[in-house]
Every structure is written in structure tokens, then in C-alpha cells.
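**Q** just coords:
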């Protein structure tokens, strides 16, 4: 009997601990579905993936601000969408070389550290960190993945960050490195059942994938797999995914999405 009571007590303590962790991850964030794609840049003509576009996403109240991270030739982590920047291939250039070319607003191309620090002073907008696939070799993608997870941990930014990637091995690597990380897969080729089986939190698929496979929406909800969709910009498509009750909608038009939510 004593053994049974101790076992039940232990189970209650473990369950309570799990609930506390989940609450800590979600409590305080803006309660909406709006994820600004590369920050909130369009309305104010800010550079995509800039600190300014992140700050604008935070200012207007987005629940998330998406950004992209590459590994440079000297193993620096920089925030940029394309594989090239100002005529330089990022993976074949040093950070010092990239830094000689400012963004259109005068900012230097941000490092991951600078970007995380810019978002760390608040607990309202998640930082949705895309781990970019290497154009050189797959091992460099995994190196980038490890460095991203290490930097997030070093800056105590775990609660603020959601990891996304088109590279499934990168998603699995994040889970290996951080059992509590929030991870969403981007490539639109796996059903929610596989995502759930591999302990990935969510699917963040192109809008066309959900229209081709509408059954994935119901399946994800049943399995408690988070639903995110990219990149949704038209009024009609935004309303469609609002009606489908997605957890997140990634858009270049966060202000338009807010106006639809408020109707």
C-alpha cells in the first residue's frame, strides 16, 4: 500500500511539473494568431528581417515574428532570408564582409545574438526562428541547428523561441538537443500523424498544402499538433484560415489580419 501511495504521489508531482512547464511557455504571450513574416516590415517600408521589423511586430502586438538564420563562412549566425546578401553568398562570406553592406535603414545585418537580445526584453511576441538549409552540405545545416539552440539557451531565450525548418533532420536535431523546445516543420510533405510520432509540436505548411489536404487540419486538431500556415496575404485566404481556427497564421500583412480578427 505504501509503495502504491508513493507511486501515485510521484505521478501527481510529475504531472504537475509538466503542467507548470506548459503554462510557463504560453502564459503572457499575445493571445492572437498573427505571426509577422520576416517581421512587420511592409506597412512602414522597413527592411525584412531587421531589428526594426521585429520591434514593429512587437509594437503592433503580434503573437510571433518570424525570421531566418544562416551560418557564415566563419561560423557566425546571421539573420537574413536569402542565401545571398548584397551580392555575397552568405555561407561563403565572413560576417565582417557581410557587415560592410548595411540594410536600407542603416542597420547592420543582424546576428542571431542581436536579434534574440532585441526580443528578450518582452514576453508578448514569440521569436519564430527558421533554421535555413545549407546550400553547401547537409552537415552544415546540423551545425547551424546546434549553434542556434546553444545561442538560444545561452541567452535564456528558450521560452520566447519557436523553431521552424524545411529540413526534417534539423527539426529532429532540435528535439535531441532540447526536449522542451517548440518545433514546427515547414516542408508540407508529412501528415500530422508522423509529426506527432516524431515528437514535433506543429506543422507550418504552405497554404496550398492545406487546401490540397484539408483532412490534415482535422487530423492535427485531433492529435493536438499545432497548426501554422504560410505565407497568407490575401483577405480571402486570411479569412479562410481564421475560419479554420488555425493556431497561427504567418503573413506579410499583419495589420490586415488584425483588422479581420477585430471584425
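**A** Perfect, I can see it now. As the structure is a computational prediction, the values presented were derived from the model and not from experiment.

**Q** mind checking the SS state of residue 62?
**A** For residue 62, the secondary-structure state derived from DSSP: H, G, I helix; E, B strand; the rest coil is coil.

**Q** I'd say it and residue 127 touch.
**A** No: contact between residue 62 and residue 127 fails when scored by CB atoms under 8 Å: they sit 10.8 Å apart. Where C-beta positions appear, they are placed from N, C-alpha and C, glycine not excepted.

**Q** Between the two, point out the one with more neighbours.
**A** Neighbour comparison, residue 62 and residue 127: the larger count goes to residue 62, with 30 against 23 (by other CB atoms under 10 Å).

**Q** show me the contacts for that one.
**A** Under the criterion of CB atoms under 8 Å, 6 or more residues apart in numbering, the contact list for residue 62 reads 30, 32, 34-36, 40, 125, 254.

**Q** do the same with residue 156
**A** Residue 156 neighbours (CB under 8 Å, 6+ apart): residue 120.

**Q** Kindly confirm my reading that it is in a strand.
**A** No: counting by three-state DSSP, residue 156 is not part of a strand but coil.

**Q** Next one: it relative to residue 40, how far apart?
**A** Between residue 156 and residue 40 the distance is 25 Å, computed by CB to CB, to the nearest Å.

**Q** residue boundaries of the strands in the stretch 151-263 of the chain?
**A** 161-165, 182-185, 202-206, 226-230, 248-251 (DSSP state E, counting those that start in this stretch).

**Q** Give the other helices and strands that the second one contacts.
**A** Secondary-structure packing of strand 182-185 (3 or more CB pairs under 8 Å, 6 or more residues apart in numbering; DSSP states H and E): strand 161-165, helix 168-177, strand 202-206, strand 226-230.

**Q** Show me the one of these that comes nearest residue 101.
**A** Between residue 101 and the helices and strands packed on strand 182-185, the shortest gap by CB to CB is with strand 161-165, which sits at 26.2 Å.

**Q** any idea of the mean pLDDT for that closest one?
**A** For strand 161-165, mean pLDDT is 99.

**Q** now do stretch 131-141
**A** Stretch 131-141 carries an average pLDDT of 98.

**Q** Can you give me the buried ones in it?
**A** Of all the residues in stretch 131-141, those buried under the rule 16 or more other CB atoms under 10 Å are 131-134, 140-141.

**Q** Over to stretch 155-172?
**A** Using 16+ other CB under 10 Å as the test for burial, stretch 155-172 gives 155, 157, 159-168, 170-172.

**Q** Of those residues, just say which sits nearest to residue 188.
**A** For the buried residues of stretch 155-172, the nearest to residue 188 is residue 166 (9.0 Å; CB to CB).

**Q** Go ahead and confirm residue 41 touches residue 48.
**A** Yes: checked against CB under 8 Å, the pair residue 41 and residue 48 is within contact range at 5.0 Å.

**Q** ok, those two, which is more surrounded?
**A** residue 41 (22 against 19).

**Q** Break down the stretch 1-150 of the chain into its helices, ranges please.
**A** Read by DSSP state H, counting those that start in this stretch, the stretch 1-150 of the chain holds these helices, from start to end of the chain: 2-26, 51-60, 95-98, 112-120, 138-154.

**Q** still on that earlier bit, reformat the buried residues of stretch 131-141 into JSON lines and put distance to residue 191 next to each item.
**A** Listed next are the buried residues of stretch 131-141 as JSON lines, based on distance: CB to CB, whole Å:
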{"residue": "131", "distance to residue 191": "22"}
{"residue": "132", "distance to residue 191": "25"}
{"residue": "133", "distance to residue 191": "22"}
{"residue": "134", "distance to residue 191": "27"}
{"residue": "140", "distance to residue 191": "29"}
{"residue": "141", "distance to residue 191": "23"}
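
**Q** between the residues you listed, which is closest to residue 94?
**A** residue 140 (15.1 Å).

**Q** Test my guess that the closest one contacts residue 131.
**A** No: assessed by CB under 8 Å, residue 140 is found out of contact with residue 131, at 11.0 Å.

**Q** count of neighbours near the nearest residue to residue 225 once chain neighbours are set aside?
**A** Counting by CB to CB, 6 or more residues apart in numbering, residue 192 is the residue found nearest to residue 225 once chain neighbours are left out, at 4.5 Å. Using other CB under 10 Å as the criterion, residue 192 is surrounded by 26 other residues.
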